[in-house]
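Student: No sequence on hand, only this structure:
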């Protein structure tokens, strides 16, 4: 009996299955061709509108320059106090979404993890989560806006739906990576479900769970800005929308963009550190 | 058996457990406090929000149910979905070309030798990524007006930032061996890039590109609401005219489109390995 090598597969007749690089290279090639063809087709049939593209490009570069290099609130539609306090509201909305969805996702993640659940329950939860994920966040928020009224509640609940679907997937994958030996040892000692969760699952995965939660916080912040702009609920996004499409003032847009940029950069730096430390081994 | 015998017995040291319990209580207290403060500051009523979810869902299932009437709009909805998917694919493909250039030149393994240039590329990628997509759309709307092309450009710019960051990470993680082997044989910089760096990274790059196509369909919905194109635009149109049944049909078509694209890209991703 020859030694089985890890990763080696056998055909049904018992021969060692050979894998050639050719198939995967072909897959890459065909995917690239498909992407390029679709892109060219998009440009052929796109409706460019009745505008002089060269002119539009020139003016939007100018606007971009004004936004990045001359940010100011001189027009007086907003004060610094409004900008900062509304940005803080957006951070609060993102925080509320994150706390709520992390708690709910912890339990859903346990139900979705194959080693803590039955295959049927796990599949149902996973299918439900991919269904929720398929609906864009902004549609969730708009749907909740008509159902429960415009306000922070609609924004938080709408963003949370997506966040729960995302975190449940990330959490259940972290749970599935737990060493089965530890769980078996606890079971052999007579531990029931919740002691296993509290004495093994939480201590083993807490750093990963917190890292994923923080990464989601970063995404929730940018979602909250977008939701504020389109649905008018929850923070600085609405001011951004007003500056851009009511007052047509790129300087004010610049100030708001820089505020969001600074918050996002701080969050990004922290989440890169967390990812490198706890998620990638 | 008096107190003397008892004092000999070693005392159980529970300071570790006590400390652990205190840490847990402190962590929970901090989270509750943060939540309470955030709710107050942003005018959020958590009890109202949670208690309204069952009502909202039942409302959703009665009002957003597509009716026979709304099916008349199906051709238009399908066409807009198709144009949204095309915009998502085209913006991702074009952005990935630019992002590969940034990824290669800014990489710590095969990048340009000047640290300043590498840092500058990273800063540019980060700025593009973190400017809200809404801001891109608003700035472009001023000169490009409402339309498909504006939506495409906004998607393109924000996708570029996201892919550039992902590609920078990918090119940082390729193995140094093949690159150094080529260097010792006297290969030029572009030889190294095309014969070592890109072949080593291509599977990972493709998988990010496919992931970005999926994400972009959702972002395209948001951008479309501002720039008046695609699924976002028609959803907004029906939604603002209180034609919720038709808006529900738009949601249904979006779900199907996103799930189909997810399944296709998962299959493609597997066959690349």
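Tutor: Okay, I see it. All values reported here derive from a predicted model rather than from experimental measurement.
Student: Relative to chain B, how far out is residue A:140?
Tutor: As defined by CB to the nearest CB, to the nearest Å, residue A:140 lies at a distance of 9 Å from chain B. (Each C-beta comes from the backbone N, C-alpha and C, glycine too.)
Student: From the structure, what's the count of residues near that residue?
Tutor: Neighbouring residues of residue A:140 were enumerated by other CB atoms under 10 Å in any protein chain shown; the total is 23.
Student: and if you look at residue B:198?
Tutor: 17.
Student: what ranges do the helices span in the chain?
Tutor: Unless you meant another one, I'm taking chain A. For chain A, applying DSSP state H gives helices covering A:21-45, A:53-69, A:80-112, A:119-134, A:137-148, A:152-176, A:180-188, A:193-196, A:202-231, A:236-245, A:250-274.
Student: sorry, should have said chain B
Tutor: Using DSSP H, helices in chain B cover B:3-8, B:15-41, B:46-63, B:74-106, B:115-130, B:133-144, B:148-173, B:176-184, B:189-192, B:198-227, B:230-240, B:244-272.
Student: Turn the ones you listed into TSV, columns for distance to residue A:163 and mean pLDDT.
Tutor: Formatted as TSV, these follow (distance: least, CB to CB, whole Å; pLDDT from 0 to 100):
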stretch	distance to residue A:163	mean pLDDT
helix B:3-8	55	54
helix B:15-41	15	87
helix B:46-63	14	84
helix B:74-106	22	93
helix B:115-130	19	91
helix B:133-144	18	89
helix B:148-173	18	91
helix B:176-184	38	88
helix B:189-192	42	88
helix B:198-227	14	90
helix B:230-240	20	90
helix B:244-272	17	90
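Student: which parts of the stretch 151-281 of chain A sit against chain B?
Tutor: A:151-153, A:156-157, A:222, A:225-226, A:229-230, A:234-235, A:237, A:240-241, A:243-245, A:248, A:250, A:253, A:256-257, A:260-261, A:264-265, A:268 (CB under 8 Å from any CB of the partner chain).
Student: What subset of the residues you listed is buried?
Tutor: Using 16 or more other CB atoms under 10 Å in any protein chain shown as the burial test, those include A:151-153, A:156-157, A:222, A:225-226, A:229-230, A:234-235, A:237, A:240-241, A:243-245, A:250, A:253, A:256-257, A:260-261, A:264, A:268 as buried.
Student: Of all residues in the chain, which one is nearest the centre?
Tutor: Just going to use chain A. The centroid of chain A falls nearest to residue A:219 when counting by CA atoms, centre = their mean (4.9 Å).
Student: Can you look at chain B instead?
Tutor: residue B:215 (5.7 Å).
Student: Not including adjacent chain positions, what is the nearest residue to the residue in the stretch 51-200 of chain B positioned nearest to chain A?
Tutor: Nearest residue of the stretch 51-200 of chain B to chain A, counting by CB to the nearest CB: residue B:138, 2.9 Å away. For residue B:138, ignoring the flanking residues on the chain, the nearest one in space by CB to CB, 6 or more residues apart in numbering or on different chains is residue A:244 at 2.9 Å.
Student: Compute the distance between the one you found and residue B:233, please.
Tutor: 17 Å (CB to CB, to the nearest Å).
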